[in-house]
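After the sequence you'll find the predicted model.
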Amino acid sequence: MPAVPPQYAPPVPPARPSPPPAPRRTAFAEGVDRLRAAATTEPGRLRVIGAVLAVLVVAFGAVTAWQTAERAAAADDVLHRSQPLSAGAAGIYRSLADANTAASSGFLAGGQETAQSRDRYEKDIRTAAAGLVTAAANSEPGSPSETAVARLNKLLPEYKGLVERARTYNRQGYPVGGAYLRYANEKMQKEMLPAAEDLYKKENQRLNADYADATPYPWAAIALGVLALAALGWAQHRTYRRTNRVLNHGLVAASAATAAAVLWLVVGHTVARSGLNGSYDNGVRSLNVLHDARIASLKARGNENLSLVARGAETVTVGGQTYDAYYYDFDRDMTVLAKGLTDARRLADDTAGTGPVKAAEGNMAVWKQRHASARAEDENGNYQQALDKVIGGADATGACFDSVDRNLALAIGHEQSEFQRAAGDGRDAMTGLSVGAAVLAVLGAAAAVAGVGRRLSEYR
């Protein structure tokens, strides 16, 4: 057959474009498809169940270890860090107030200042300085506590210089010595003690924050533990319905390990919470009240001394009436002391705690009577008789103050040991809980996988 000329050949239709390649599926989508396909068979379902059970039990152990470790660390901070620092801040305040009291007592004695009075002043100054070193070492950079410590470190040498000038002029018989002592007292009352009080409040806030971190229940861990137990129970029930076998040894072991971890978590934290709450209610609260009462007694004694140093030079007008400033502050401090002793007696939970407080109340009552007698002598112009009633022997107000201070120190020591015992019990209740829960969770997960694996072996 003859060839057709090209000009007469029919046109060639254009090639049809090939379809675009199907988009590549992600690994996640492929995994979901495989999981869905596996779930259509009983072995596949068992593998999924085993994986979910293992993840739940391990997650429970991990969250338990995390939450209990945080609470145990906070409880340890309460016992070994924040409460000792709070007590140390109160000690700084007390030492400064006592140094001020000892300085005024020595000034009143004039050239007959006893070595005991001088040593007490020097010891208080050293104690306050050492406390400031400890507080500075534990203060966060740039924190309010660091600012308060720096301010006190600056003011302490200034105060000491004023006291030494007052003593020097007093020995020489110059009246200007009293002015220097009043100036030192003003620096103490208006600058140093407020800074020390601010430091004390900041350390108490840190203590309260540690309590807030240590005492809440670990609800996330408890919820995961209950969920894991529910899933294990469901898996065992499912196995029973399909095989009529009452027990699957692996799942029973996993349930036992998980239940033990949950029980340890709940009971251990409940005991720890009880101990920590007891250490706060029966220790920290009592200590705060006792520290405040002791500081009030120190301030009252200082004002009682300064009223004789000033000899009416300092006055205050209240409600249109004029009073001696130091006598007025003394009455106010004694009111604070009386309230503090009443609160301390109410908070004390045993005779060892109430005994010293009751004794201090008796000492305070005698102190007020003797003070009233000395005050009457002073107001009648009998300065020497008033001085003898304040800094004299066993019948002076100084002996009453010493007894109050000694009994309050005994009460503080008792409450401090009560705090340490209760807080230590609370911290010890969480000892090993984080590690033990993690180990039990790993064993439980392994047992769950083994139990499901035993069922899978029946399909091979």
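Cool, the structure landed.

ranges for the helices of the stretch 51-200 of the chain?
Taking DSSP state H, counting those that start in this stretch to define them, one finds helices in the stretch 51-200 of the chain at 83-109, 115-137, 144-171, 176-187, 193-214.

Please name every helix or strand in contact with the first one.
Put plainly, it is helix 83-109. In terms of contacts (3 or more CB pairs under 8 Å, 6 or more residues apart in numbering; DSSP states H and E), helix 83-109 is packed against helix 115-137, helix 144-171, helix 176-187, helix 193-214, helix 285-310, helix 383-391, helix 397-428. In this view, the C-beta of every residue, glycine as well, is placed from N, C-alpha and C.

redo that, cut-off 6 Å
helix 115-137, helix 193-214, helix 285-310 (3 or more CB pairs under 6 Å, 6 or more residues apart in numbering; DSSP states H and E).

Would you mind finding the most buried of these?
helix 285-310 (a mean of 25; mean count of other CB atoms under 10 Å).

and the residue nearest to residue 334 when sequence neighbours are not counted, what pLDDT?
Nearest in space to residue 334, with sequence neighbours left out and distances taken as CB to CB, 6 or more residues apart in numbering, is residue 300 at 5.3 Å. Here, the pLDDT recorded for residue 300 equals 91.

Quick check: buried residues in stretch 374-393?
For stretch 374-393, the neighbour count (16 or more other CB atoms under 10 Å) marks 374, 375, 377, 378, 385, 386, 387, 389, 390, 391 as buried.

Kindly check the end-to-end length of it for me.
14 Å (CA to CA, to the nearest Å).

I figured residue 408 hits residue 295, correct?
No - here residue 408 does not reach residue 295: they are 9.7 Å apart, not a contact under CB atoms under 6 Å.

OK, contacts around residue 360?
Residue 360 sits next to 341, 404, 407, 408 when contact means CB atoms under 6 Å, 6 or more residues apart in numbering.

How many residues are close by the first one?
If I follow you right, that is residue 341. By the measure other CB atoms under 10 Å, the count of residues near residue 341 is 25.

now do the third one
Neighbours of residue 407 under the rule other CB under 10 Å: 23.

Might one say that it is in contact with residue 358?
No - contact status for residue 407 versus residue 358: not in contact, 8.6 Å apart, counting by CB under 6 Å.

Show me the shaky parts of the stretch 201-350 of the chain.
Scanning the stretch 201-350 of the chain for pLDDT under 70 picks out 244-246, 312.

So which residues of it form strands?
315-318, 321-324 (DSSP state E, counting those that start in this stretch).

what's the distance between the closest residue in space to residue 340 that isn't next to it in sequence and residue 205?
In this structure, residue 340 finds its nearest non-sequential neighbour in residue 293, 3.0 Å apart by CB to CB, 6+ apart. When distance is defined by CB to CB, to the nearest Å, residue 293 is 21 Å away from residue 205.

All set now, cheers.
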